[in-house]
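S.K.: Need a 3D model of the sequence below.
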Amino acid sequence: SDLPFPFQRRSIHLKRRHFLSLGVATLAAPVIISRRTVAAEPGAPLPIPDVMEVGPGAGNILSAIKGRAELIPGVESDTLGYGQDYLGPLLRFQRGRTASIDVENRTDDPITAHWHGMHVPGYLDGGPQLAFGPGKTWSPELPVDHPAATLFYHSHVHGRTAEQVYRGLAGMIIIDDPEIDDPLPRDYGVNDFPLIVQDRSFDRSGRLTYDLGMMGRMQGFHGDDVLVNGAIRPKLTVPAGLVRLRLLNASNARIYDFNFTDGRQFHQVASDGGLLPSPAAMVNLRLAPAERAEIIVDFSDQSAVRLVSRNVGSGGMMGGGNNTATLDVMSFDVGDASTSGPVQLPGFLPATVSDLGEPVRTREFILNISSGNMISSMLNNLIGQDRQTMGINGEPYDMSRIDQQVQLGETELWRINADMMTHPFHVHGVSFQVVTMGGRAVNPAAIGWKDVVHVEGPTEILIRFDKPATIDTPFMYHCHILEHEDAGMMGQFTVG
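M.R.: I've put the predicted structure just below:
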């Protein structure tokens with residue numbers, strides 16, 4: 001049906017947020033945040049996002065609103081959401097069918113809706129050039145030309161992306177392809193679950209807080225608690241059998257290294273851009289910000305287990321590095337009955353395979369922590385000045401400047417490196433193949449189609465540009481540590 005799934009919007013009242021200014025005195029000593037007095041008990045049921053089936057008909061309304069969410073029970077926090085207090089519904093698109101949607105702005109600030117990972121022209125991409133103000137509505141008609149995949153949507157206003165996403169302007173997209181026979185569990189909410197993983201911080205009273213100090217500005221904001229679908233360390237009861245988990249790292253800056261407490265093996269079946277050629281067995285899975293992965297877990301032993309993550313640092317500067325501490329993510333209980341889904345994994349998957357051809361040119365990108373003097377940049381960050389202190393190839397982001405011009409239909413090799421720490425690098429409007437990571441050759445098929453690559457040393461990606469973007473609505477490339485993006489580690493390019 002072309003009609004949307006019934007979707008209830010709630011009327012929310014919000015008090016204006018008050019922001020704390022960082023003083024120069026912070027230079028003398030680090031800010032010490034006292035532990036909150038309100039406990040966040042784990043084990044609440046995992047919230048399953050409502051589904052909005054988005055087709056070509058009218059009535060698909062996604063409203064960015066001000067919210068009051070109880071992320072910690074009994075304590076309301078000022079939040080944002082698409083159509084609800086925090087986060088948004090799961091948007092379900094079908095390949096080959098236009099997705100018409102009205103995005104309303106009922107907040108106090110400009111917003112966008114960027115369809116992260118989706119193959120659409122620049123004027124539909126939802127990047128910074130397409131920001132629209134309070135009371136306005138953006139009504140794109142998205143031609144869905146993308147393999148079956150798990151994608152991401154979020155606001156993408158330059159200088160405000162980090163806080164808007166942190167407050168809740170984000171959600172998951174699932175693209176279905178009616179031309180393929182998906183042999184994996186796909187009964188939504190029964191054996192196929194979305195897991196939007198975020199880290200967040202709370203003050204002593206239990207309210208959500210986003211207070212950036214020097215470390216947060218330079219390395220990206222890291223929270224103290226892990227939320228899944230807006231709940232702190234929740235519990236999910238799954239059937240005894242194969243279960244599909246769609247993992248989205250929607251944190252501002254944190255890298256996760258997921259594993260189960262009993263050391264069980266699981267299989268990755270998809271990455272950012274869609275299915276892998278065959279299931280890949282593993283016991284841990286690392287995801288940088290904005291990366292996605294679909295995994296199949298066998299719960300037929302009916303053993304309860306927890307999903308955890310090693311606490312991975314960004315490395316390279318200001319004490320960054322790997323930390324062996326463990327982060328609790330969520331727990332699983334297993335019901336008595338299995339579902340009617342598949343009972344075993346196939347050896348091969350209906351992945352979309354494409355030969356991108358030989359690159360016609362090579363481009364070089366260096367991700368710079370500071371585009372000017374390091375000390376003055378840190379001081380400006382520390383006292384909250386708006387001056388951009390980060391960049392790419394020595395230049396901070398400038399909305400009026402086109403950094404690269406590429407030709408429609410051509411394939412290029414992009415070489416990316418960083419001068420001080422690791423970064424998740426995202427390119428709009430495309431999926432690409434990773435050729436080398438850390439200076440070492442990799443098998444692109446094993447990694448799958450990507451739109452984010454974690455740059456840990458010299459990295460090469462092969463890209464073909466099949467969607468146009470003009471000077472008025474260019475595509476972006478940027479670090480997906482959102483504080484870095486806001487501070488200028490972003491460029492823009494046309495395709496034509």
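S.K.: which intervals of this structure have sub-threshold pLDDT?
M.R.: Applying pLDDT under 70 to the chain picks out residues 1-40, 313-324, 371-388.
S.K.: go again using 80 as the cut-off
M.R.: Confidence mapping of the chain against pLDDT under 80 gives the ranges 1-42, 313-325, 336-339, 370-388.
S.K.: Going by residue numbers, what spans are helices in it?
M.R.: Taking DSSP state H as the test, the helices found in the chain are 161-167, 214-219, 374-382, 444-447, 482-486.
S.K.: Can you point out the buried residues in the last one?
M.R.: What it means is helix 482-486. Residues of helix 482-486 classed as buried under the neighbour-count rule (16 or more other C-beta atoms under 10 Å) are Leu482, Glu483, His484, Glu485, Asp486. The C-beta positions use only the backbone N, C-alpha and C, and glycine is treated the same way.
S.K.: What is the nearest of those residues to Asp466?
M.R.: In terms of C-beta to C-beta, no member of these lies closer to Asp466 than Glu485, at 24.4 Å.
S.K.: on that earlier part again, can you lay out the buried residues of helix 482-486 as CSV showing distance to Asp225?
M.R.: Output for these, formatted as CSV (distance: C-beta to C-beta, whole Å):
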residue, distance to Asp225
Leu482, 18
Glu483, 19
His484, 22
Glu485, 23
Asp486, 23
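S.K.: Just give me the closest of those to His156.
M.R.: Closest to His156 out of the buried residues of helix 482-486 is Glu485 (8.7 Å), distances taken as C-beta to C-beta.
S.K.: what separates the closest one from His426, distance-wise?
M.R.: Between Glu485 and His426 the computed distance is 9 Å (C-beta to C-beta, to the nearest Å).
S.K.: hmm, back to that, mind putting the helices of the chain into TSV with distance to Val243?
M.R.: Formatted as TSV, the entries for these read as follows, by distance: least, C-beta to C-beta, whole Å:
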stretch	distance to Val243
helix 161-167	28
helix 214-219	34
helix 374-382	43
helix 444-447	23
helix 482-486	30
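S.K.: looking at these, which is closest to Gln404?
M.R.: Distances from Gln404 to each of those were compared by C-beta to C-beta, and the smallest falls on helix 482-486, at 16.9 Å.
S.K.: which residues in the stretch 1-150 of the chain form strands?
M.R.: Across the stretch 1-150 of the chain, reading from the start of the chain, the strands by DSSP state E, counting those that start in this stretch fall at 51-53, 61-72, 75-82, 90-94, 99-100, 102-106, 114-116, 137-138, 141-142, 149-154.
S.K.: okay, those strands in TSV with mean neighbour count and distance to Asn249 next?
M.R.: Written out in TSV, the entries for those read as follows (neighbours: other C-beta atoms under 10 Å; distance: least, C-beta to C-beta, whole Å):
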stretch	mean neighbour count	distance to Asn249
strand 51-53	21	21
strand 61-72	20	18
strand 75-82	23	19
strand 90-94	22	16
strand 99-100	22	24
strand 102-106	20	23
strand 114-116	25	12
strand 137-138	16	26
strand 141-142	17	24
strand 149-154	25	9
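S.K.: got a list of what Val243 touches?
M.R.: Under the criterion of C-beta atoms under 8 Å, 6 or more residues apart in numbering, the contact partners of Val243 comprise Pro185, Asn191, Asp192, Phe193, Ile296, Val297, Asp298, Phe299.
S.K.: May I ask which of those has the most neighbours?
M.R.: By neighbour count, taken as other C-beta atoms under 10 Å, the most surrounded of the contacts of Val243 turns out to be Pro185 (25 neighbours).
S.K.: Help me confirm that that residue comes into contact with Val343.
M.R.: No. In this structure, Pro185 is not within contact of Val343 by C-beta atoms under 8 Å, at 10.2 Å.
S.K.: Skipping its backbone neighbours, what lies nearest the spatially most central residue of the chain in space?
M.R.: When the chain is reduced to its mean C-alpha position, the closest residue under C-alpha atoms, centre = their mean turns out to be Ala290, at 2.8 Å. Nearest non-adjacent residue to Ala290, counting by C-beta to C-beta, 6 or more residues apart in numbering: His480, 4.2 Å away.
S.K.: pretty sure that neighbour is touching Pro289, no?
M.R.: Yes. His480 is in contact with Pro289 according to C-beta under 8 Å; the separation is 4.7 Å.
S.K.: Give the residues shared as contacts by the two.
M.R.: Pro424, Val452.
S.K.: For Thr98, which non-adjacent residue is spatially closest?
M.R.: Once its chain neighbours are removed from consideration, Thr98 has its nearest residue in Pro56; the separation is 4.3 Å (C-beta to C-beta, 6+ apart).
S.K.: who does Asp199 bridge with?
M.R.: Note on Asp199: beta-bridge partners Val226, judged by DSSP bridges.
S.K.: Glu141 now?
M.R.: For Glu141, the residues forming beta bridges with it (DSSP bridges) are Ser100.
S.K.: what sits against it?
M.R.: Contacts were defined as C-beta under 8 Å, 6+ apart; by that measure Glu141 touches Pro56, Thr98, Ala99, Ser100, Leu124.
S.K.: gap between it and Pro49?
M.R.: 23 Å.
S.K.: Val165 now?
M.R.: For Val165, the distance to Pro49 under the criterion C-beta to C-beta works out to 16 Å.
S.K.: Please, where are all the strands along the stretch 301-450 of the chain?
M.R.: Using DSSP E, counting those that start in this stretch, strands in the stretch 301-450 of the chain cover 305-312, 326-334, 361-368, 391-392, 404-406, 411-418, 423-427, 433-437, 440-441.
S.K.: and of these, who's closest to Ser354?
M.R.: Shortest distance between Ser354 and these, using C-beta to C-beta, is found for strand 433-437: 8.8 Å.
S.K.: Give the partner strands of the closest one in its sheet and their orientations.
M.R.: Within its sheet, strand 433-437 is paired with strand 440-441 (antiparallel), strand 459-464 (antiparallel), according to DSSP bridges.
S.K.: Okay, Thr422 and Val455: tell me how far apart.
M.R.: In this structure, Thr422 lies at 6 Å from Val455, with C-beta to C-beta as the measure.
S.K.: from what I can see Arg264 touches Ile295, true?
M.R.: No. At 11.2 Å, Arg264 and Ile295 do not qualify as touching, with contact defined as C-beta under 8 Å.
S.K.: More neighbours: the two, which one.
M.R.: Neighbours per residue, other C-beta under 10 Å: of Arg264 and Ile295, the larger number sits with Ile295, 20 against 14.
S.K.: Please verify my assumption that that one contacts Ser271.
M.R.: No. Judged on C-beta under 8 Å, Ile295 makes no contact with Ser271 at a distance of 10.5 Å.
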